[in-house]
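Undergrad: Let me see the structure of the following:
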Amino acid sequence: MTSRAKKRLGQHFLRDARILDRLIRLVDPVSTDTVLEVGAGYGALSERLAPRVARLVAVELDLDCVSALQVSLARFPSATVVAGDILSLNIPALVSPYLKAGQSLRVTGNLPYNIATTIIEKLLSLDLFVRDITAMVQLEVAQRIVASPGTRQYGYFSVYCQHLAQVRLEFEVAAGCFSPRPQVVSAVVTFRPHPRPQDRTLTNSLVPVAKAAFGHRRKTLANSLRHDPQIGLVSDALLAQARIDPGRRAEDLTIQEFERLAAIYARNLNR
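TA: Numbering: from 1, shown residues only. As a prediction, the model looks like this:
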């Protein structure tokens, strides 16, 4: 298996049975679940999920892995193998046929290291009722996801993820549990998306505000926001209306303060 991993795809296959079983206990799948597995690989996790759920949609880009998946999952009527890039697939169209009215989707996967954050952003922005996401990522990425204000790891991605979901770093996974062995420690992180209104104005405004705020980490919040060609035009008014000290830095603001800034920015845009 080691020789067949493709570096360009960021492939590191989880092979440790104890970790795979621990993942299953964490996900705790039940017979009515519809599960989307991202980056199914050769099916080590898929074969543990398929007999426990109503439907497993296993997505994999590598055609060598797809062929192996189709063989290994053929004995499970619940399993559907999809060959494709998760970033270009229409996920709602893919899974909606398997979801009953009011049913939520569950997502899991050992995410390719090189595109893990992009995949997470897509999953969190889905126009679907997602119950939870259980993802294997680099430890450094997991630490950024769950980081608290005032810490070195806290940044735009922390704000984005925690705005949209309750996040938790569940456990670390040593490099020796994978084949080929990566150069980094990995970790499992869970997301439980917050209920969201149909109007996504707040999130649409929070993204540019948070990106601008963290664009110049060593500068004050006022100076960072002023560098943005759009937000800079109203940055002083935003901070004043939000009652946030312009001398603070982005890494010291809470999620709620970023949401307050974003709400005010959205109102200014709609005037």
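Undergrad: Every contact and neighbour count from this point should use C-alpha atoms.
TA: Noted.
Undergrad: Who does the host helix or strand of residue 189 pair with, and is each partner parallel or antiparallel?
TA: Residue 189 belongs to strand 186-193 when elements are defined using DSSP states H and E. If you go by DSSP bridges, strand 186-193 pairs up with strand 130-138 (antiparallel), strand 165-173 (antiparallel).
Undergrad: I'd like those as TSV, with distance to residue 144 and mean pLDDT appended.
TA: Listed next are the strands paired with strand 186-193 as TSV, based on distance: least, C-alpha to C-alpha, whole Å; pLDDT from 0 to 100:
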stretch	distance to residue 144	mean pLDDT
strand 130-138	10	97
strand 165-173	10	98
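Undergrad: and the helix or strand containing residue 65, what other elements does it pack with?
TA: Per DSSP H and E: residue 65 is located in helix 63-72. For helix 63-72, the elements it packs on are strand 79-83, judged by 3 or more C-alpha pairs under 8 Å, 6 or more residues apart in numbering; DSSP states H and E.
Undergrad: Could you list the buried residues of the strand it packs on?
TA: By 16 or more other C-alpha atoms under 10 Å, the buried positions in strand 79-83 come out as 79, 80, 81, 82, 83.
Undergrad: Give me the residues contacting it.
TA: Strand 79-83 has contacts (C-alpha atoms under 8 Å, 6 or more residues apart in numbering) with 50, 55-63, 66, 69-70, 73.
Undergrad: Check stretch 248-267 too.
TA: Identification of contacts with stretch 248-267 by C-alpha under 8 Å, 6+ apart yields 149-152, 154-155, 159, 162-163, 201-203, 205-206, 209-210, 213-214, 217-222, 238-239, 241-242, 244.
Undergrad: Narrow those residues to those in helices?
TA: 159, 162-163, 201-203, 205-206, 209-210, 213, 221-222, 238-239, 241-242 (DSSP state H).
Undergrad: Pull out the buried residues from the residues you listed.
TA: The neighbour count (16+ other C-alpha under 10 Å) marks 159, 162-163, 202-203, 205-206, 209-210, 213, 221-222, 238-239, 242 as buried among these.
Undergrad: how about the residue nearest the centre of the chain, phi and psi?
TA: Most central in the chain under C-alpha atoms, centre = their mean is residue 120, positioned 2.2 Å from the mean C-alpha point. Backbone torsions of residue 120, given as degrees, to the nearest 10, read phi -60, psi -40.
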